[in-house]
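Enquirer: Below: sequence and its predicted model.
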Amino acid sequence: MHNDVEEILFSKEDISRKVKELGEKISKDYNRDDEVVVVGVLKGANVFMADLIREIDIPVYIDFMAVSSYGYSTESSGIVRILKDLDLEIEGKHVLIIEDIIDTGLTLKYLTDNLKSRNIKSLKICTLLDKPKRRKCDLNIDYIGFEIPDKFIVGYGIDYGEKYRNLPYVASLKEETYK
Ligand SMILES: O=P(O)(O)OC[C@H]1O[C@H](OP(=O)(O)OP(=O)(O)O)[C@H](O)[C@@H]1O
Ligand SMILES: [Mg+2]
């Protein structure tokens, strides 16, 4: 275990089981002939997205958006910046957003408002982790892997100051690491 880690919340095996479950559910919920664009929110969702799409067995398109609101802080700045927009044309298609973690919800509120204005057929959200205690806005989340307590999380793609993304598990950080 990494020295800065307080507690491992979900092991590699826990995550793998959950990702399989989510992939199966998503595959059942869409029709095989639906045009589905799976949109990963970089950078955090990169690892989850890579595993999840291999558990989805209906045809899908893959694209990414890059947004950032945390930077080198444990608190959301509240200002969501689009660093990279979609490459694909999504008009008339079903969009499934993939997130690593939903905390205040401000990132997704911004993203969903933005994507809904592009004449899409439907919009769904899938997140590996949900921290509902910190929510600052209303969000309808379609697929949730795990609900987590109000702790600062790292690993499996999720960072603090761009570190820890490569940890294979999801963990809470020791407070002295960021306070
Ligand atoms: O619900 P919120 O409070 O908005 O927080 C969730 C967002 O914060 C993190 O991204 P971040 O802005 O740190 O960028 P990153 O994905 O590049 O780490 C995470 O990946 C989510 O996208
Ligand atoms: Mg971050």
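Expert: Perfect, thanks for sending it. Ligands and ions are numbered 1, 2, ... in the order given.

Enquirer: Pull the contacting residues for Asp100.
Expert: Each residue near Asp100 by Cβ atoms under 8 Å, 6 or more residues apart in numbering is listed here: Val41, Gly44, Ala45, Val47, Phe48, Thr127, Leu128, Leu129, Tyr156, Gly157, Ile158. C-beta here means a position set from N, CA and C on the backbone, and glycine is covered the same way.

Enquirer: switch the cut-off to 6 Å
Expert: Residues in contact with Asp100 (Cβ atoms under 6 Å, 6 or more residues apart in numbering) are Gly44, Ala45, Phe48, Leu128, Gly157, Ile158.

Enquirer: How about the residues of the protein by ligand 2?
Expert: Residues of the chain found near ligand 2 (Cβ under 5 Å from the ion) are Tyr70, Asp159.

Enquirer: If you rank every helix and strand of the chain by mean pLDDT, what lands last?
Expert: Within the chain, no helix or strand scores below strand 81-84, which has a mean of 92 by mean pLDDT, DSSP states H and E.

Enquirer: So that strand, near ligand 1 or not?
Expert: No - counting by Cβ under 6 Å from any ligand atom, ligand 1 has no neighbours in strand 81-84; the shortest distance is 8.3 Å.

Enquirer: which residues are contacting that strand?
Expert: In contact with strand 81-84 (Cβ under 6 Å, 6+ apart) are residues Ala66, Val67, Ser68.

Enquirer: One more: stretch 11-26?
Expert: For stretch 11-26, the external contacting residues (Cβ under 6 Å, 6+ apart) are Asp51, Leu52, Glu55, Ile56, Tyr143, Gly145, Pro168, Tyr169.

Enquirer: cutoff 10 Å now
Expert: Stretch 11-26 is contacted from outside by 8-10, 36, 38, 47-48, 50-58, 60, 96, 98, 124, 126-128, 142-146, 155-156, 167-171, using Cβ atoms under 10 Å, 6 or more residues apart in numbering.
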